[in-house]
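Q: need coordinates for the following:
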Amino acid sequence: MCFFDLHIDILHTYACSGTALGDFTAESVKLGFGAGAGLYGGLMALTALLAYLTPISRVVLFWVWFVLTRPFGATFGDYLNKPKTHGGLGMGTKYASAIIAAPLIISFCYLMWEEHKKKKSQASRQANPVKGIAIPEVAAV
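A: Next up is the predicted model:
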């Protein structure tokens with residue numbers, strides 16, 4: 001088995017098992033899509049808090065959080081998209097996609113803006129390393 005095959009198998013397992021776990025929680029356990037999304041969202045928030053409040057390895061917590069994103073996304077997407085008769089909000093695919101995409105786009109734009117400000121600040125410091133102090137130019141001899 002080559003690395004590429006193994007990589008595809010891992011991605012396929014992750015995607016399918018996460019969706020299946022979300023559906024299992026919402027439908028078989030009868031928690032519902034909204035409560036299922038709340039459960040996985042809460043577990044993700046708890047994982048983030050553990051990263052700041054405990055000495056647990058951040059690498060381990062990252063992977064726990066990463067694995068929780070799939071069932072959260074499946075249940076939250078179903079909650080927005082499914083008809084009200086099936087426990088959803090009945091928003092339809094377009095609105096559900098927009099609601100899910102909006103935080104991603106906003107986060108991306110914010111991070112790009114912060115990076116732009118950081119680079120601009122670094123360029124300003126390099127051009128004038130000490131503000132307010134006139135540095136005399138030395139004439140070449």
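Q: point out where this protein drops to low pLDDT.
A: In the predicted model, the chain carries pLDDT under 70 at residues 1-16, 127-141.
Q: what ranges do the helices span in it?
A: 3-23, 33-53, 58-81, 92-127 (DSSP state H).
Q: return the most buried member of those.
A: Stretch with highest mean neighbour count among the helices of the chain: helix 58-81 (a mean of 18; mean count of other Cβ atoms under 10 Å). (C-beta placed from N, C-alpha, C; glycine too.)
Q: wait, what's in contact with Tyr95?
A: If you count contacts by Cβ atoms under 8 Å, 6 or more residues apart in numbering, Tyr95 has them with Leu80.
Q: quick one: it from Phe33, how far?
A: When Cβ to Cβ, to the nearest Å is the yardstick, Tyr95 and Phe33 sit 15 Å from each other.
Q: give me phi/psi at Gly88?
A: In this entry, Gly88 is assigned phi and psi values of phi -110, psi -170 (degrees, to the nearest 10).
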